[in-house]
Structures are given as structure tokens and as C-alpha cells.
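1. Here's a sequence, model it:
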Amino acid sequence: MNFTKLFTRTGFGVLFLVAVAACNNNKADKKAGDSTVAAAPAGAATPGTPIKYDSSKRYIYLTWDDSPQPPGTVMSKNVFREEGIKATFFSVGFNQVGPQKKRLIDSLRNGYPQFLLANHSFSHGFRDQYSKFYSPAMTDSAFNDFMRNEKDLKIPVKIIRLPGNNTWASNGQIDGQKSENALVKKLDAAGYKIIGWDLEWHQAAKAKAPKESVDEMLKMIEQRFQDEYTYQPNSIVILSHDRLFEKKEHADSLRKFISELKKDPRNVFETIDHYPTVQKK
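-> Residues are numbered from 1 along each chain as shown. Have a look, this model is predicted:
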């Protein structure tokens, strides 16, 4: 199936309901204001608790991969907190080495509802050997790699991003590069939601730095919304990596990026447990 055909104006919609009126009590959310953070149901602080959507809003899911990668993870987390917006960290178990990195993972897990900890495999696809990781002969081993990561990092949700692969799966609906892969089908059958991405803030060649400028990223986001060229209507999943923002100048670019997005009252930042295909039962 041609993946580009997935991003069409029809076929993947969910019914957008009336906006939630109540604000949660998270300190960072208060700092951002109602225009940047979607309200959660009163008293809800459990990952995966459904929200209702406002069809007049545009939902932005910032998803950062490969944590813990200090200082990039710390810098990104601080910017998100200071700007009062929500973000998801897809984390890798073998990166959690030593007490500092363990505390960092704990801070992400305990940071909900502002931060969500999600699963990016223990070994990052058997240490980037993707052809091996996704081979039929390794299906059980790769599945167990995700299960180990979930257990070791105490990941609170059944949400996965495949390493090195842009695939979506939810309740038997599988789209993307690995739509016929045995591992993907096994994860989906076990009730896991697999999240791809609509737009990536790439890493510059031979440098731990963002490739695209803030203005380029903002322009692409606006164009995707205007063209309705996202996997789900009124929602955009942005992928980047913690390590890109370890230097102050790059963290400042991230801060500018978020500040510019916050200027549009339609934009709402959410964690990926509130993405439409994840909430759909």
C-alpha cells in the first residue's frame, strides 16, 4: 500500500466533540494558558485517560525519541516545562545506564500529565540492525525486546514507536512501511498502539543539531494543516530526538519554535496517549 495515500482528506477521521471546559491543576499547564494545553477530565492524572476534542483546535503532539540522552533530554524537558506545554518521550532501555539516567527516566514517568513516557524498544532495534530486528525469524525476540523495555522502564502505557520505521497500528488498522510485518501484527494483536509521525525535525548531517530552521518547521506545520495532510484530522505528530537540543543555542531554537506555535490560539499541545487512534477502542 502506498504510504502517501494514507495522508488524505478522508478515511482516517474521528468525530471531534465539544471541547473540555475544565482546566487541570498542573502548574506548567497553568503557565501556558488555555490556548496551549488541552484540558483533562476533572481529577484525571492517569496516563491514557481519554479527552474530548475541540474541532476548532489543532492538536500538536511533540514526540522526542531515544531518551535518556542527557544533556539533551534535560534541556528539552526544561524548555517544555518553562513553556508549559506537553510532550512525549519515546525511551530506550539500554540508554538507562547509571543513577543519573535512571532518575531522568523516573522524572519523565512521574511528570505526567505534562510528560508521557512511552516505548521505543530496549535495544533500539537490536542496536540499529533493523533488517534483523524486523525479520520474521526474530519476531518473538523483537516483541520481547519491547516487553523488556516496558518492564525495565515501568512504562505506563501500551504505546510504541518502532525504531527506524514510520508505521501506525491500532485495533487491526495498520498503515505504513511495515504494514505487513509479523512483529507489527503481533504488537497490534496484543493491544499495543504503534505511533508513526507526520513531520520530522531532522538531525543535521554529522552534528547533534536540528537540520531545519524554526521558520522552516513552522512553515511545514502550517502547510500540513492547511492541506489536511496528516494521518489524523486536526492532529500532527512531530518527531525529533533529545540529543539535538543539548546545546543552549539549539534549546533556544526549541523554545522559539514552541513560543511561535503558542501564538496561534488554535494550537493545543498534547501527549500521545490522547492521540485519536490511541483513544479509539
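
2. Run through the strands of the stretch 151-281 of the chain in chain order.
-> Counting by DSSP state E, counting those that start in this stretch, the stretch 151-281 of the chain has strands at residues 159-160, 167-170, 173-176, 193-194, 199-200, 235-241, 267-269.

3. what do you get for the stretch 1-150 of the chain?
-> 58-67, 87-91, 115-119.

4. and these, which is most packed in?
-> strand 87-91 (a mean of 28; mean count of other C-beta atoms under 10 Å). The C-beta positions use only the backbone N, C-alpha and C, and glycine is treated the same way.

5. And that one, what does it pack against?
-> Here strand 87-91 touches strand 58-67, helix 72-83, helix 99-109, strand 115-119, going by 3 or more C-beta pairs under 8 Å, 6 or more residues apart in numbering; DSSP states H and E.

6. next one: the last one to chain centre, how far?
-> The chain centre lies 8 Å from the centre of strand 115-119; the measure is C-alpha atoms, centre = their mean, to the nearest Å.

7. Take that strand, keep the C-alpha atoms, and write them as PDB.
-> C-alpha atoms of strand 115-119 as PDB (Å, rounded to 0.1, in the frame of the first residue of the first chain):
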ATOM      1  CA  PHE A 115       5.200  14.400  30.100                       C
ATOM      2  CA  LEU A 116       4.400  10.900  29.000                       C
ATOM      3  CA  LEU A 117       6.900   8.100  29.000                       C
ATOM      4  CA  ALA A 118       6.400   5.700  26.000                       C
ATOM      5  CA  ASN A 119       8.200   2.600  24.500                       C
END
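
8. Run through the bridge partners of the residue most central in space within the chain.
-> Taking C-alpha atoms, centre = their mean, the centroid of the chain lies closest to residue 63, which sits 2.8 Å from it. For residue 63, the beta-bridge partners are residue 88, residue 239 (DSSP bridges).

9. Could you report the pLDDT at it?
-> Residue 63 carries a pLDDT score of 98 in this model.

10. Now do stretch 194-212: distance from first to last residue.
-> 26 Å (C-alpha to C-alpha, to the nearest Å).

11. For that stretch, buried residues please.
-> 194, 195, 196, 197, 198, 199, 200, 201, 208, 209, 210, 212 (16 or more other C-beta atoms under 10 Å).

12. Not including adjacent chain positions, what is the nearest residue to the first one?
-> Spelled out, it's residue 194. residue 169 (3.9 Å; C-beta to C-beta, 6 or more residues apart in numbering).

13. Can you report how many residues lie near residue 71?
-> For residue 71, the count of nearby residues is 15 (other C-beta atoms under 10 Å).

14. residues touching the nearest residue to it once chain neighbours are set aside, list them.
-> Spatial nearest neighbour of residue 71, chain neighbours left out: residue 246 (4.6 Å); criterion: C-beta to C-beta, 6+ apart. By C-beta atoms under 8 Å, 6 or more residues apart in numbering, the contact list for residue 246 reads 69, 70, 71, 72, 75, 208.

15. just curious, which of the residues you listed is nearest to residue 139?
-> Using C-beta to C-beta, residue 69 is the member of the contacts of residue 246 that sits closest to residue 139, with 28.0 Å.

16. From residue 156, how far out is the closest one?
-> Going from residue 69 to residue 156 by C-beta to C-beta, to the nearest Å gives 21 Å.

17. Could you do residue 45 as well?
-> 11 Å.

18. again with residue 268
-> Taken as C-beta to C-beta, the span from residue 268 to residue 156 is 22 Å.

19. And residue 143, by the same measure?
-> Note on residue 143: its distance to residue 156, by C-beta to C-beta, is 19 Å.

20. Excluding chain neighbours, give the residue nearest to residue 101 in space.
-> residue 68 (4.2 Å).

21. What are the phi and psi values at that neighbour?
-> phi -90, psi 130 (degrees, to the nearest 10).

22. Neighbours of it, how many?
-> 26.

23. which ones are touching it?
-> 91, 95, 96, 101, 104, 105, 242.

24. Most neighbours of all these, which one?
-> Going by other C-beta under 10 Å, residue 91 tops the contacts of residue 68 with 31 neighbours.

25. Surely residue 185 and residue 172 touch.
-> No. Taking contacts as C-beta atoms under 8 Å, residue 185 lies outside contact range of residue 172: 9.0 Å.

26. In terms of neighbours, single out the busier of these two.
-> Neighbours per residue, other C-beta under 10 Å: of residue 185 and residue 172, the larger number sits with residue 185, 16 against 8.
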